[in-house]
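Asker: got a predicted model here, sequence first, then my questions.
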Amino acid sequence: MKRQLDLFKDIDKTVVVLYLVMVLMGWFNIFAAEITESNRSIFDISQSYGKQLLWIITAFILGATVLMIDVKFYPTFSYLIYGLLAVILVGVLFFGTEINASKSWFRIGGFAIQPAEFAKYATALALAKFIGDAKTRTPGWGLRLKAFAIIGLPAVLIILQNDMGTALVFGSLLFALYRSGYVGTSLLIVAATAIFLFILTLVINEFIIIGILAGITLVAAFVIRKKRHELLQLFGLFIILSVYVYTVDYAFENLLQPHQKLRIEVLIDEEVDLRGAGYNLHQSKIAIGSGGFWGKGYLQGTQTKYNFVPEQGTDFIFCTIGEEWGFAGSFVLVGLFLWLLIRLVNMAERQRSTFSRVFGYCVVSFMFFHFAINIGMTIGLVPVIGIPLPFFSYGGSSLWGFTFMLFTFLKLDSRRLDLL
Amino acid sequence: MLSPANTNYYVKRKNVIIGIILLTGLLFLLRLFHLQMMDHTYKLSASNNVLRYITDYPARGLVYDRNGELLVYNEAHYDLMVIPHQVRDIDTTEFCMLLGIDRDIFETRLQRARRHSPFRASLFERQISKDTYAGFQEKLFRFQGFFVQPRTLRSYPQPIAAHTLGYVGEVGPEVVANDPYYRSGDYIGISGLERSYEEVLRGQKGMRIRMVDVLNRDAGPYMQGRYDTLSVPGDDLFLTLDHALQIYGEQLMQNKRGSIVAIEPASGEILALVTAPSYDPNLLVGRVRGENYRELQNTPTKPLFNRALMAQYPPGSVFKIVNTLIALQEGVINLNTTYSCPGAYFSGGISVRCRSHPGPVDMLRSIQYSCNTYSCITFRNTIDKPGFGSIQQGLSNWRNHVRSFGLGQVFGSDLPFELSGLVVSPDYYDRVYGSRGWRSLTIISLAIGQGELGTTPMQLANLAATVANRGHYHTPHMVKAIRNQNDTLAGVESQRNQTTVDPRHFEAMAEAMHLVVREGTGAFSRIPGIEMAGKTGTVQNPHGENHSVFVAFAPAHDPKIAISVIVENAGYGSTWAAPIASLMVEKYLNGSIERHWFEQRILEANFLNR
């Protein structure tokens, strides 16, 4: 009996409550998004909202199970779990089922499971273990490369499943690497510049950008004209950036698959392909925009019912919230996510073991990336990349995956004084 | 051991990360505020308008014959659609009266539509008449949630080539589930060319977004039609079919069961593809389709059965063409090899009877008189040829030759549902008799095209084309060209296939087949002024009267047409199938028929009740 009570001892209550609130809000909104006249019960197992309840209940059980496992388990078995998931990712390439052109699912009865969602968990464990064991604050290139390899392997396997969106998520671990000193501030700035120039290249002619860069370089050169060494670096930088801009343009025109190209094009100019990718984005904006301040009320949405907005209950679940709960509801949702994320950052910082801290940052990285990309795409700030909104979107794999991550971290946190 | 203070060397970076998170959240809230509070582009107008998505259905592509004669076109009609959740306060009595339906039916249909989707348009009444449509149009504003959707239906100026053209029907649920192009209620090609060229013919659906006010009145296009797309009509097909020849073939086959297939040897283009009995393709269109289909399905003569591609008959003596060519190729006979015929082939207590004909025959005469004795000897010599080691290898070798004629396998033509026929492998006999339990005599019926052999009429016509080409054939096909909306014609090429038999042997076979018509079993069907080469066949049929078979090509030295004719339960090949083939050839090459009595005899013949 004592042991049972111990289970939840020192578990961070705020995070648990936030988790419960978000999961239940998600369930109600999936119901609102997918409800049909003939299946009006939220418990109807034949419908996605009924299934989601099963996923939620099993997720709770999983969460409780995770809390019961001894805290030493995670660092000890990190690599084993990682290896196992890598094998499963290879397996799904051969024995998986194709859903929406991605061969990344295992089908069991009426449910489909996507191993890629669990690969995030495994990668977080492995990365935490690796950085924890390295015991250095100034990692050399060898260590850095190994860390990148740990992240890269599952990402490449997932790209092979033709699931670009999920693979991109692994890039978010840059934050965890940054906090551990594996990536410098300069690299973060370079990454930001690269993304900025990338989008700029797609909007403006590449030669104009190179022209602008040349202008900036000349002005800067005039300012630092006395420092010969830095002048050389400046011109080197200019050449690298110009080549980059030109390459991006070439890659965009020639290497991207048509549907990927379109998703970026519609973002820049919505008028492109109004019936296809642009249409989805437009419908999504109508739904959210029509919500106004207070929204149309629960189950009163007109645009998010059925085929107006695609992927209603999964990737575009935020449309339903935006339409039925308005700006007020959107505000609450964004607020909840910010609260949870910042709380998790602060919890990660209070860990005494590097393993726990890095793992915490991995959880933050993944969750933030999903949050940013998913909501960003529904309101037209980032290209349409099909990844779910944590705890809200319909789907068991995503919910289970994030539950695993969150509760593992909660357990690590509750024993932070025992672990070094 | 590093102290916590040391591991937290980069602790200030925490603030950068929190900064990025907060900045993102702020950016989202600003954007949401703009979308939801400031920008009215994305709000529907205050009069509570609802968007209605009306699919703009494209007209399916037209179908022409090889000379530009129209075979399939479209006619407009109207479907009454319903969006259940928009249905409110309507005068059901008046509605039902206008449509001529019961209240119960109204309720069940509405229920069904609601089950499909309360928010998506469902079909309520299919193909309402023009009068009903006119009446509705005026009162539509009183029937909220209902609207009229224009559609097109297939129509056929001539009731011909039903099996080839195929028909169109509503998509099934499994197609809707697997192909995002189709929605419930859409049409799709179900058989024939409508099926195999579905993606060419269907065109591209368009979508209009209309605003509809609370009174079910059209309030104009949404955002000035910026999000509308036009439908693109389907591409047109130009067939290889000659519609005059097709009509004539169907006439000749009236009151008969069987098939005619005519091919242009040089190209593999199918000139006529007759299946008898057939049906009027106009029967399988629109709201009467289901009922007519059931009726046709229950007709004892099976008019829905596409005999030309799917009926598999033993080829009978026609198969001697193949066996003799293989024997020549294998060197077991040459043109001078002569056997005497005592009126039957006797061996090991088995006898295969032969029809009486002038005495010892060489290769040419064996075909001319269709000598069974000659065929049995050469077949056994082919299978038992020294050097193979076993009967299995001998038969395998023979089978490879046979398959190179396109027999025992599907052509992969552009028509769906063709069957492969049957050319069995040694394994089959091993299973039946045991691997040591059979020899060439056991399978002697193959020598005369009986036994474990099945060929479709199209395969037999292709056999004639192969001899006409002296050793190769082009995969038979039905579509000559596709015309897209820019009026550009794209030709359809078909594959050239070479048989395993040397062309010089084919030269001899062509000569032998010429003899058949000039002074052999097919002499009755000589055409004045046209040199035809052919081979008769009479297929034993355990269930009744023999099937009459004939394959031919003409002119013998510069073939323009190759043909196969099968008339079920009609008797000898020379009496019915050969005359029909000769008439088809005469019609195609001369454009008209001189032998009127000959034609009359065929038109009057009736074998349906045999």
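Answerer: Ah, there it is. Residues are numbered from 1 along each chain as shown, chains lettered A, B, ... in the order given.

Asker: how's chain A carved up into domains?
Answerer: A:2-183+A:259-414, A:193-255 (automatic domain parsing).

Asker: of those domains, which stretch is the most buried?
Answerer: domain A:2-183+A:259-414 (a mean of 20; mean count of other C-beta atoms under 10 Å in any protein chain shown). All C-beta atoms are positioned from the backbone trio N, CA, C, and that covers glycine.

Asker: and B:Arg518, how many neighbours does it have?
Answerer: Residues near B:Arg518, counting by other C-beta atoms under 10 Å in any protein chain shown, number 15.

Asker: quick one, what contacts B:Pro233?
Answerer: Residues near B:Pro233 by C-beta atoms under 8 Å, 6 or more residues apart in numbering or on different chains: B:Pro58, B:Ala59, B:Arg60, B:Gly61, B:Gly203, B:Gln485.

Asker: circling back: mind putting the domains of chain A into CSV with distance to chain B and mean pLDDT?
Answerer: Below are the domains of chain A laid out as CSV (distance: least, C-beta to the nearest C-beta, whole Å; pLDDT from 0 to 100):
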stretch, distance to chain B, mean pLDDT
domain A:2-183+A:259-414, 3, 84
domain A:193-255, 13, 79
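
Asker: and of these, who's closest to B:Ile391?
Answerer: domain A:2-183+A:259-414 (42.7 Å; C-beta to C-beta).

Asker: which pair in the contacts of B:Pro233 spans the largest distance?
Answerer: With distances taken as C-beta to C-beta, the most widely separated pair in the contacts of B:Pro233 is B:Arg60 and B:Gln485, at 12.8 Å.

Asker: who has more neighbours out of the two?
Answerer: B:Arg60 (26 against 14).

Asker: secondary structure element holding the more buried one?
Answerer: Using DSSP states H and E, B:Arg60 is not contained in any helix or strand.

Asker: wondering if stretch B:78-86 reaches chain A at all.
Answerer: Yes - contact of stretch B:78-86 with chain A (C-beta under 8 Å from any C-beta of the partner chain) involves B:Pro84, B:His85.

Asker: can you give the contact residues for that stretch?
Answerer: Applying C-beta under 8 Å, 6+ apart, the set of residues contacting stretch B:78-86 is A:37, A:305, B:50, B:52, B:99, B:109-110, B:113-114, B:117-128, B:130, B:133, B:136, B:144-151, B:185, B:212, B:216.

Asker: helix or strand right after the helix or strand hosting A:Ser356?
Answerer: Secondary structure assignment for A:Ser356, by DSSP H and E: helix A:354-378. Next in sequence after helix A:354-378, counting helices and strands by DSSP H and E, comes helix A:396-414.

Asker: which strands and helices sit next to that next one?
Answerer: helix A:13-34, helix A:48-68, helix A:73-95, strand A:111-113, helix A:115-134, helix A:317-349, helix A:354-378 (3 or more C-beta pairs under 8 Å, 6 or more residues apart in numbering or on different chains; DSSP states H and E).

Asker: hmm, which of the contacts of B:Pro233 is lowest in pLDDT?
Answerer: Within the contacts of B:Pro233, B:Gln485 has the lowest pLDDT, namely 80.

Asker: which residues are in contact with it?
Answerer: Neighbouring residues of B:Gln485 by C-beta under 8 Å, 6+ apart: B:Val232, B:Pro233, B:Asp235.

Asker: including pLDDT, could those residues go into JSON lines?
Answerer: Compiled in JSON lines, the contacts of B:Gln485 are given as follows (pLDDT from 0 to 100):
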{"residue": "B:Val232", "pLDDT": "88"}
{"residue": "B:Pro233", "pLDDT": "89"}
{"residue": "B:Asp235", "pLDDT": "93"}
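
Asker: and the residues you listed, which is closest to chain A?
Answerer: B:Val232 (11.9 Å; C-beta to the nearest C-beta).

Asker: okay, now the closest residue to that closest one other than its chain neighbours: neighbour count?
Answerer: In space, not counting the residues next to it along the chain, B:Val232 is nearest to B:Gln204; the distance is 4.0 Å by C-beta to C-beta, 6 or more residues apart in numbering or on different chains. Applying other C-beta under 10 Å, we find 15 residues neighbouring B:Gln204.
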